[in-house]
Every structure is written in structure tokens, then in C-alpha cells.
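Chemist: no FASTA, just this:
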């Protein structure tokens, strides 16, 4: 008799959805989280002001060098002294790369994972994204199409709460939206001028997982309207942005069917050759380092694309000597992120009498137009832009004057500044991969990941063209003093730096070239599902988290169906 009906490994963006859907279907669910529990009252620090923290919330440089030398470099916008407990200490959680191929791996090991730390952009993939691999021959064909996942996008958007606008753009399908945040006057001017000058390009409010008109279901979970404070990476006591801690995990727990165990590091999965299924999930206690095993009828891996691949590669047996469900030799391969490093910013000499109230978390989005409304591009796939138009500060401590005159002179705001940065699609390359280090292990005796990944020629061309386009759009908007990557040497973001790792356990139609089927179910072992970013067959250029949610919900309900039917 199994301990549980289902085990979910990981409690973040996708794990929370797997747990919620399975528990709501009546299954007894165990969630295993390798990090510590989170207490909203103690661990959320969004109500602290900078002057209530040491060094105005900057981490001490010595501490950065010793513990956060990667995390602070990758997510400098979000790593503060007051929330450093939400980021791993790099010296305690090592991984390695080739000397000439650095990889940036941002992580948060705690209940809710990076759902507490994400940038909250929530876009659907479009029909073109599910067809691109087949059309241009890079990667394997997705085993589903947009129409298969569209109802599940509806499902997760309705529960999570996504603010956005109806735009009727085929490459960026509309969804179930709460009202969008209003564009600033500078953003509206950019929209007007760009859409006039470039008819195939659109400037729209960013679609973002913040509540603007909470539903009764969201209120019942203790969530409330976004207060536009932009302290999001410190946790949100209002529950206004979507996280596993504010939404999916509370929903799972209220069913009475969900057990959560923290400080439980999964190292391997046991395979039973007699049944052809996973028979156990092996855990090392983070604190005591003692081992134990849990059993269930079905297992969902939601540890993240890199961590899930590492668990599978570490789970060897006579049937799977190169790693569990790895008969295709695709586990760990096809590692993708998004590519950035191109963009522009400039001053807009307009609206001197206009300002904004609050610090809205949204900004603008320019959906992909390359090879959509503008063809004959020198690259495959495409990119979108994210950015904002905000009033700058006029403060300068070196200004002459004292007393009231000095204060008044520094109180006046500066001009409006518009900035946009590109997010480009990274193709699935089989040699961009995760393996296990041949000799090095972490403090729990688990082999550390070895990540061999690089950006290639198409990504370079994408960003060169994006820099030109960004400059041209700000020129069209009437900006001055434009600083852009058009006129500088190309400096791509390193793989992992945009924190969207995907593709290491990809889905596909052929078991010989993929790991999962169209339900995120392993071809080789029917009671294993992987619904974190590892399942992605291509990266598209949109932020992927909403897709992780939709695929997780879809797979969990499919698993519940086949359990009810007696298949599992």
C-alpha cells in the first residue's frame, strides 16, 4: 500500500499547481520541498522601508563575495539584505561549468520556490510557437498544439489573476484578464508613435500576475488588490501577486488532502522492474542528513528544469543505466533560456506637468513581430521587448544651496525616460545540456550538476537586430540622448541569466527522441510526470511561467483521470 496517491517534488510555480489540482480531485498528495518553511509574518519583508534595514537594504560586499556571488550578479534587481534568505547561498549549493561557458543559475530553496521571486510576466505561447520546431527543423515537433492547451490557460488565469488587455494579436493570444494597469503618458506616447511608424508592431500593457479586481475565490484565499508598491521580491503580505504561497498551496491544503514536508531533498527515484513503475522517492533531510523513502501511485517532478534532470540522471538502475526514463538519451539535453543583452533607453522631453501615483509593477510589452508581421529577417524565430516609461529623479546631492532652496530644487522630478530590453528565443540545441559531475558531490552526498551551455549564432543575430530595432523605435517616439546596443559591441546575457531554464526533459511524439508525451508523462515509465520547465520542446520568446502552470494543471487532471480509470 502506497503512502500517498501522489508525490509532488517541488513547491514552486509548477509544483503548487500540481498539488492543487491533484488534491482537489480527491487524491492524497505529498509535497516535498528541499528548502525551509516560510512564515509570512516573519519572512516577508515588503513592509520594511530601506532606512529600517542595514546599509539601506544592500547586502554587505563581503557577504556577497562569500555567499551570494552568483545570485547577486544574476538577480541584482531583487537580492537585498532583507530578503537574502529567499536566495540560496552559492557556496553551499555548488554546480560547475566549463571554464569558457559560464552559466547563471538563480535559485530560491524555500516553500514556494521562485514563485516568490519571479518578475510576474504572464504570457501565453501562440500557435506559431507550437509549430516552429516542425517548420524549421530545430528540435522535435511539439506533440500538442495551441488549441490543446488554450482551455488550461483559461483555467489557470482565472484562478491566478492576470491583469492585461484584449489586443487580438494572433501571436500573443488573449486570455482571462483582470483590468490592466494604465500606461504612463510616456508609454502611451511610445505606443502612439511606434504603432504609427511601424504598423506591424504593438505596444501593450504588460500582462502581469497581479490582482486588480480580485474575485471572491481570490479574496477567500486571503488575497487582495495590488497596492502598486513594487516590493514584490520581498514577499507580499497582501497576496496580491500570484505565488504558490498565496494561492495554489493554500488551495491544496484547504482540501484536507495535501501534506507538505519541508527540508526534504530528493536525490533519487526508485524504479521497480517488475511493475515498470517508480516505487519510491528517496529523500535526504536537509538538517539531519538522514535518508528516508516515500511511496505513491504517481510522481510529479517539479524541482526545476536543471534539478529535475539531475534527479533523473542520478536515478540509475539496470533498466536505466544512464538515468531514469533516459532511453532516448535526451534527459539533460536541449537546455534553453531566453537571450537578452539588446535594448535602448532615452529621454522624452514631454509631459513636464505629468506624473504617476504609486509604483506600478507592470510597464509595457512589445510582442514579437519578427517573422510574424515582418518577414525576410536574418534570423529564425524572434524576440519581444519589455520596458517602461517612468519619470526620473532629479535628486543631486551636489546641487548648490542650503535649507529650503536645496530641498525644493531636489524635490522636482526629472524628465521622462523610456527603456526597452529584448527577450529572444533560444533554439533547442542537443549539446546544451546538464550532466552530473563525475566526482564532486554536495554536502548531502548528491552529485552536483555540470552545466555545459552557450548561446549560438542565431541568438547573436537576434540581439544584433533587436538593438537596431530598439533604437529605431525610440527615435520614432521622439526620444533624445538615446543609448542603445545598436552602436556597441554585442554583449549577450549568459545562459540562465534571464532565469527561464527549460527543455531538459522535453516532450515529443517519438519516444526515441523525447522523454515525455503530450501529457508531460514519461514515455518509459507511466507513473512519472514532469511539468516544470523541463518539458518545453522550444522556448518561444515569451516569459514561460504561465505555460508551466497550464501544463501542470492539464497533466495533473489527466493523471487523476487515469487513476480513476484504474490505469495507474
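Modeler: Looks like it arrived, so ask away. For clarity, every value in this text was computed on a predicted model and none was experimentally measured. Numbers count the residues shown, from 1 in each chain.
Chemist: contacts and neighbour counts: CA atoms only from here.
Modeler: Will do.
Chemist: what are the neighbouring residues in contact with residue 320?
Modeler: 326, 327 (C-alpha atoms under 8 Å, 6 or more residues apart in numbering).
Chemist: and it, how close does it get to residue 548?
Modeler: Noted for residue 320: a distance of 27 Å to residue 548, by C-alpha to C-alpha, to the nearest Å.
Chemist: can you show me the helices along the chain?
Modeler: Secondary structure of the chain by DSSP state H: the helices cover 13-24, 40-43, 61-67, 71-74, 127-136, 146-160, 185-197, 216-220, 249-253, 305-314, 403-411, 457-476, 545-564.
Chemist: show the contacting residues for residue 568.
Modeler: Shown in contact with residue 568 (C-alpha under 8 Å, 6+ apart): 297, 298, 526, 527, 562.
Chemist: can you add pLDDT, neighbour count and distance to residue 439 and give these back as JSON lines?
Modeler: Listed next are these as JSON lines, based on pLDDT from 0 to 100; neighbours: other C-alpha atoms under 10 Å; distance: C-alpha to C-alpha, whole Å:
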{"residue": "297", "pLDDT": "97", "neighbour count": "19", "distance to residue 439": "33"}
{"residue": "298", "pLDDT": "98", "neighbour count": "25", "distance to residue 439": "32"}
{"residue": "526", "pLDDT": "98", "neighbour count": "19", "distance to residue 439": "32"}
{"residue": "527", "pLDDT": "98", "neighbour count": "22", "distance to residue 439": "31"}
{"residue": "562", "pLDDT": "98", "neighbour count": "11", "distance to residue 439": "41"}
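Chemist: can I get those in CSV with distance to residue 26?
Modeler: Formatted as CSV, the contacts of residue 568 follow (distance: C-alpha to C-alpha, whole Å):
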residue, distance to residue 26
297, 14
298, 14
526, 20
527, 17
562, 13
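Chemist: on that earlier part again, can you say which of the helices of the chain is nearest to residue 171?
Modeler: Of all these, helix 127-136 sits nearest to residue 171, with 6.7 Å by C-alpha to C-alpha.
Chemist: which of the residues in the closest one are buried?
Modeler: Neighbour-count burial for helix 127-136, with 16 or more other C-alpha atoms under 10 Å as criterion, is recorded at 127, 128, 129, 130, 131, 132, 133.
Chemist: and if you look at stretch 70-86?
Modeler: Burial within stretch 70-86, assessed by neighbour count using 16+ other C-alpha under 10 Å, is assigned to 70-72, 74-75, 78-86.
Chemist: on that earlier part again, could you dump the helices of the chain to JSON lines with distance to residue 33?
Modeler: Below are those laid out as JSON lines (distance: least, C-alpha to C-alpha, whole Å):
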{"stretch": "helix 13-24", "distance to residue 33": "9"}
{"stretch": "helix 40-43", "distance to residue 33": "17"}
{"stretch": "helix 61-67", "distance to residue 33": "22"}
{"stretch": "helix 71-74", "distance to residue 33": "20"}
{"stretch": "helix 127-136", "distance to residue 33": "31"}
{"stretch": "helix 146-160", "distance to residue 33": "21"}
{"stretch": "helix 185-197", "distance to residue 33": "41"}
{"stretch": "helix 216-220", "distance to residue 33": "24"}
{"stretch": "helix 249-253", "distance to residue 33": "12"}
{"stretch": "helix 305-314", "distance to residue 33": "12"}
{"stretch": "helix 403-411", "distance to residue 33": "47"}
{"stretch": "helix 457-476", "distance to residue 33": "35"}
{"stretch": "helix 545-564", "distance to residue 33": "17"}
